[in-house]
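Peer 1: below is the sequence, then the predicted model.
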Amino acid sequence: MQGRIIKSLAGFYYVESEGRVYQTRARGNFRKKGQVPYVGDFVDFTAEDNSEGYILAIHERKNELVRPPIVNIDQAVVIMSAKEPDFNTNLLDRFLVLLENKNIRPIVYISKLDLLEDLTDIEDISHHYEQIGYDFVMSLDQLLPHLKDKVTVFMGQTGVGKSTLLNNISPELGLETAAISDSLGRGRHTTRAVSFYNVNGGKIADTPGFSNLDYAIDNGEDLSEAFPEIRHFSHNCKFRSCSHRHEPQCAVIAAVETGQIWQTRYDNYLQFLSEIDNRRETFKKVIKRK
């Protein structure tokens, strides 16, 4: 039989096939091969009525996220709160870089707009991102049409209201939510497992929250490619290996100076590039000591 893993919990994999869900385990030979089934995987499996099934083979994946562990995704809704926690373009760009690198379409959803007295700043930010080509949505009515016929991951910083949003989309899910901790200024972790839900003509996934995000990019060229506007202008740079930091006749720097690239995005690019350089230097020092 063939199906798709829609939930993983405590060593069990729940596989949906032809309208039914089967509880399965992975064969031991997957561990020997270094393979782990993920939610979203298309699999071959065997199952009999009233007995536990087994996953036999994992089909090729079109993309995957390690944190959270989920694969074969069409798009990701990145939830950013307008307040509590405050909107953070640096964190948003970390999400966008990750998704661009994985070839997953991002949709940015702004939560907690009711906590703002003035929407001017958030509307200005959304305008900058929409000029790049990103979809910014600020209400449930705007979001719902994007979900139809798609596999969508919901992700975001802890405390931005992922489970609350999903409960508003589909109240029958009854996902657990938690208030923001005043002392810590962040939400408690409430989502325990990655699961798919059939909602609004598509599949959606809630994922465990986290307060930071590592992007899986280890070189400047891939980072440049993950910023669409930098990728666009970089083709006109004098040097193919241009880092867009200080090189002469850099088309990206020129675009920043003329306002064609938003200064905030460029600053975040430079920070991420510096972090990559620092990681590589640290790695070299560790290797040298060995």
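Peer 2: Nice, thanks for sending it over.

Peer 1: okay, now the domains of this protein?
Peer 2: 2-60, 65-205, 220-288 (the TED database).

Peer 1: name the stretch among the ones you listed that sits most buried.
Peer 2: Among those, domain 65-205 has the highest mean neighbour count (mean count of other CB atoms under 10 Å), at a mean of 17. (Glycine included, C-beta is placed from N, CA and C.)

Peer 1: now do it, average pLDDT.
Peer 2: Averaged over domain 65-205, pLDDT sits at 83.

Peer 1: let's have the chain start at 197 instead
Peer 2: Happy to do that; since the first residue is 197 now, the last one works out to domain 261-401.

Peer 1: and that domain, how far apart are its ends?
Peer 2: End-to-end span of domain 261-401 (CA to CA, to the nearest Å): 13 Å.

Peer 1: just how off-centre is it within its chain?
Peer 2: With CA atoms, centre = their mean, to the nearest Å as the basis, domain 261-401 stands 9 Å off its chain's centre.

Peer 1: and the helices in the protein, which stretches?
Peer 2: 225-229, 285-297, 316-328, 336-343, 358-365, 416-421, 424-430, 447-453, 459-485 (DSSP state H).

Peer 1: okay, Pro404: pLDDT?
Peer 2: 59.

Peer 1: what does the one 5 residues further on give?
Peer 2: For Leu409, the pLDDT comes out at 54.

Peer 1: what's near enough to touch the nearest residue to Val293 once chain neighbours are set aside?
Peer 2: With CB to CB, 6 or more residues apart in numbering as the criterion, Val293 has its nearest non-adjacent residue at 4.3 Å, and that residue is Ala422. Taking CB atoms under 8 Å, 6 or more residues apart in numbering as the contact definition, Ala422 lies against Leu292, Val293, Leu294, Glu296, Asn297, Tyr411, Ile413.

Peer 1: roughly how far does the third one sit from Leu419?
Peer 2: When CB to CB, to the nearest Å is applied, the distance between Leu294 and Leu419 equals 11 Å.

Peer 1: and for the first one?
Peer 2: As for Leu292, its distance to Leu419 is 12 Å (criterion: CB to CB).

Peer 1: do the same with the last one
Peer 2: Taken as CB to CB, the spacing of Ile413 relative to Leu419 amounts to 5 Å.

Peer 1: which residues are common contacts for these two?
Peer 2: Here Ile413 and Leu419 have Val293, Phe468, Ile472 as joint contacts, going by CB under 8 Å, 6+ apart.

Peer 1: in a markdown table: those residues, plus distance to Val356.
Peer 2: Below are those laid out as a markdown table (distance: CB to CB, whole Å):
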| residue | distance to Val356 |
| --- | --- |
| Val293 | 18 |
| Phe468 | 21 |
| Ile472 | 26 |
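
Peer 1: between those, which is nearest Lys344?
Peer 2: Among those, Val293 lies closest to Lys344 (CB to CB), at 27.0 Å.

Peer 1: was I right to think the closest one contacts Ser420?
Peer 2: No: with contact defined as CB atoms under 8 Å, Val293 does not count as touching Ser420 (10.3 Å).

Peer 1: need the contact list for the nearest residue to Glu214 once chain neighbours are set aside.
Peer 2: In this structure, Glu214 finds its nearest non-sequential neighbour in Gly199, 7.7 Å apart by CB to CB, 6+ apart. Taking CB under 8 Å, 6+ apart, we find Gly199 in contact with Val211, Glu212, Ser213, Glu214, Tyr218, Phe238, Val239, Phe241.

Peer 1: partner residues bridging Gly199?
Peer 2: Under the criterion DSSP bridges, Gly199 forms beta bridges with Val239.
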